[in-house]
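Engineer: Please work out how this folds:
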Amino acid sequence: MMRKGLAGQRLVAVFLVGIVLFNFPFLSLFDRDLQVFGLPLLHVGVFVAWCGVIALMAWIAERGSR
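Structural biologist: You can find the predicted model right below:
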């Protein structure tokens, strides 16, 4: 059984990772003239990072409620 404090700390950590993912140094890695399935690499990278942060937060929240 996970303590609520530990789940909260993990959610804060995922939030901070999200802040890093959506700031300049990381986004500049994906600012290339490449296309993935007809979409710019930057858009695909942002969408994948956004989905990953949401999935991690949902997983932590569900795991913490048990």
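
Engineer: Report the central residue of the chain.
Structural biologist: The structure's the chain has its C-alpha centroid closest to V53; by CA atoms, centre = their mean the separation is 2.6 Å.

Engineer: Can you give me the distance of it to R63?
Structural biologist: Separation of V53 from R63 (CB to CB, to the nearest Å): 16 Å. Heads up, the C-betas are built off the backbone N, CA and C, glycines and all.

Engineer: what do you get for G8?
Structural biologist: Going from G8 to R63 by CB to CB gives 12 Å.

Engineer: got the buried residues for the lengthiest helix in the chain?
Structural biologist: Longest helix in the chain, counting residues (DSSP state H): helix 41-64. Neighbour counts over helix 41-64 (16 or more other CB atoms under 10 Å) mark G45, V46, A49, V53, L56, I60, G64 as buried.

Engineer: just checking, what packs against that helix?
Structural biologist: helix 4-21, helix 24-27 (3 or more CB pairs under 8 Å, 6 or more residues apart in numbering; DSSP states H and E).

Engineer: tell me the angle it makes with helix 4-21.
Structural biologist: Interaxial angle, helix 41-64 versus helix 4-21 (axes from the mean of the first three to the mean of the last three CA atoms, to 10 degrees): 180 degrees.
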